[in-house]
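A.B. asks: One predicted model, sequence on top.
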Amino acid sequence: MPRGGARPGAGRKKRQPDIGRTGRGQPKEHAKQAASEHYASQAQGLIDPHIPDLISLGLELANGVYYEHPQFHKVYKTLPNLKAIIYLMDRVCGRPVQQVSEQVTVEAAESLINKHGQAVREVLDDEYGAEVSTGLCEKVQARFEELLAISEQ
């Protein structure tokens with residue numbers, strides 16, 4: 001009998017029906033889904049008794065923790081949490097199906113910037129007069145150009 005090398009008949013037998021299946025004859029995907037459902041039901045059983053407490057904690061996070069102060073009215077120990085607010089709103093009102101995202105074109109951005117500048121000029125004209133408003137707008141424009149130059153470097 002030979003002492004080294006490959007031996008005839010050694011190794012896994014090539015049987016097609018067993019490839020990709022678990023020991024019980026179920027496909028792997030079905031076994032993973034069954035395990036996932038099992039763990040989900042166990043988690044549900046553990047969480048269900050604590051749902052009222054979890055909801056009250058979520059409301060506490062959303063509202064923040066504060067105490068009444070005679071001089072400042074509300075003093076927060078923990079600020080309201082925006083993510084908790086969004087989560088609770090999604091639970092009550094339903095989560096939006098799809099987020100709408102619009103790409104802002106250069107023209108749209110320029111239009112918004114110009115409208116903002118016009119609004120600033122109008123408010124400054126009303127509050128301080130046209131002469132002061134023009135000088136302030138020129139200073140703002142110069143600073144804006146400086147910041148653009150710095151950000152491009």
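C.D. replies: It's in.

A.B. asks: end-to-end on stretch 71-90?
C.D. replies: 36 Å (CA to CA, to the nearest Å).

A.B. asks: which residues are contacting it?
C.D. replies: Residues outside stretch 71-90 that contact it (CB atoms under 8 Å, 6 or more residues apart in numbering) are Gly58, Leu59, Leu61, Ala62, Asn63, Gly64, Val65, Tyr66, Tyr67, Glu68, His69, Pro96. To be clear about C-beta, it is placed using only N, CA and C from the backbone, and glycine gets the same treatment.

A.B. asks: now these: which count as buried?
C.D. replies: Among the contacts of stretch 71-90, those scoring as buried are Gly58, Leu61, Ala62 (criterion: 16 or more other CB atoms under 10 Å).

A.B. asks: Give me the helices and strands touching the helix or strand that Ala35 is a member of, please.
C.D. replies: Using DSSP states H and E, Ala35 falls within helix 28-47. Judged by 3 or more CB pairs under 8 Å, 6 or more residues apart in numbering; DSSP states H and E, helix 28-47 is in contact with no other helix or strand.

A.B. asks: what about it, distance to the chain center?
C.D. replies: How far helix 28-47 lies from its chain's middle: 26 Å, per CA atoms, centre = their mean, to the nearest Å.

A.B. asks: C-terminal to that helix, what's the next element?
C.D. replies: helix 51-63.

A.B. asks: So which elements touch that next one?
C.D. replies: helix 82-93.

A.B. asks: next helix or strand past the helix or strand containing Val123?
C.D. replies: Element membership for Val123 (DSSP H and E) is helix 106-128. Once the chain leaves helix 106-128, the next helix or strand it forms, by DSSP H and E, is helix 130-152.

A.B. asks: Mind listing what's buried along that following helix?
C.D. replies: Buried-residue list, helix 130-152, by 16+ other CB under 10 Å: Ser133.

A.B. asks: what does it rub up against?
C.D. replies: Here helix 130-152 has contacts from Gly117, Val120, Arg121, Leu124, Asp125, Tyr128, using CB under 8 Å, 6+ apart.

A.B. asks: Please state the offset of it from the chain centre?
C.D. replies: With CA atoms, centre = their mean, you get 35 Å for helix 130-152.

A.B. asks: picking up where we left off before, just the buried residues of the contacts of helix 130-152.
C.D. replies: Among the contacts of helix 130-152, those scoring as buried are Arg121, Leu124 (criterion: 16+ other CB under 10 Å).
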